[in-house]
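S.K.: Sequence first, predicted coordinates after that:
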Amino acid sequence: MSAILGSYRLAQKRRAEMLKTKKKQQETKRSLQAKLAQSQAEASANFQYSDSNGGAQPTGAPLWEDPVYDDSPFSHEVIFDSEFSEWKFMYGPSEGQESLYVVRLYRRETILYVNGEKLESKDYTLEEQKSRGVIKMHFMVGKFKCQIISSFIEKPNDQNQTLIFNGNRIQFEEDAFEAE
């Protein structure tokens, strides 16, 4: 009888410990969700930047020849590799309120990553101009409209790999990377 009673108490004790653990996990999950919601709210409140052209796409000249894109509020690094193009840049309404963005495009497979997350085909629109060997991708990063114009037949450089982020062209400086 005492063995049955001891076994019952042990089972009750284990059940109580499991409930405590489960309750702590739920509290931690709620806490993390609250922090995430708060940080997202702060992030959206901080990014009320508006540029001189209202984010509109210019018409006429190719994007890389348009002066609107040359004085953008970014600190940036651009990497052109034979397999991918990568743009790393800070963006925000003012210094100290910027966030890091990393956009990487694998040209051959047309795979796009934003901040380490692979975008699914439903998250962007793709235009291919096979006769010219150029692809254009339109996508969103948060509430910002983005566009990539990429040549997949030429050696990557500033003229054939272009990222437009919220109406601003991300371009590189000559000393930002070592060209092959």
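M.R.: In hand now; what should we look at?

S.K.: CA only for contacts and neighbour counts going forward, please
M.R.: Will do.

S.K.: Mark out where each domain of this structure begins and ends.
M.R.: 1-46, 63-176 (automatic domain parsing).

S.K.: could I get those domains as CSV with mean pLDDT?
M.R.: Supplementary listing: the domains of the chain in CSV, determined by pLDDT from 0 to 100:
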stretch, mean pLDDT
domain 1-46, 75
domain 63-176, 74
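
S.K.: Tell me which of those sits most buried.
M.R.: Highest mean neighbour count of these: domain 63-176, a mean of 16 (counted as mean count of other C-alpha atoms under 10 Å).

S.K.: And the strands in this structure?
M.R.: Taking DSSP state E as the criterion, the chain carries its strands at 75-80, 84-91, 99-106, 111-114, 117-118, 124-129, 134-141, 144-151, 161-165, 168-170.

S.K.: so which of those comes closest to residue 36?
M.R.: Comparison of the strands of the chain against residue 36 by C-alpha to C-alpha identifies strand 99-106 as nearest, at 15.5 Å.

S.K.: who's in contact with that closest one?
M.R.: Taking C-alpha atoms under 8 Å, 6 or more residues apart in numbering as the criterion, the residues outside strand 99-106 that touch it are 83-92, 111-116.

S.K.: ok, back up a step: let's have the strands of the chain in a markdown table, adding distance to residue 27.
M.R.: A markdown table is the format used below for the strands of the chain (distance: least, C-alpha to C-alpha, whole Å):
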| stretch | distance to residue 27 |
| --- | --- |
| strand 75-80 | 39 |
| strand 84-91 | 34 |
| strand 99-106 | 29 |
| strand 111-114 | 31 |
| strand 117-118 | 27 |
| strand 124-129 | 36 |
| strand 134-141 | 31 |
| strand 144-151 | 33 |
| strand 161-165 | 38 |
| strand 168-170 | 42 |
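
S.K.: among those strands, which is nearest residue 12?
M.R.: If you check each of those against residue 12 by C-alpha to C-alpha, strand 117-118 wins as the nearest, at 44.3 Å.

S.K.: Adjacent strands (with direction) for that closest one?
M.R.: Looking at strand 117-118 with DSSP bridges, its partner strands are strand 111-114 (antiparallel).
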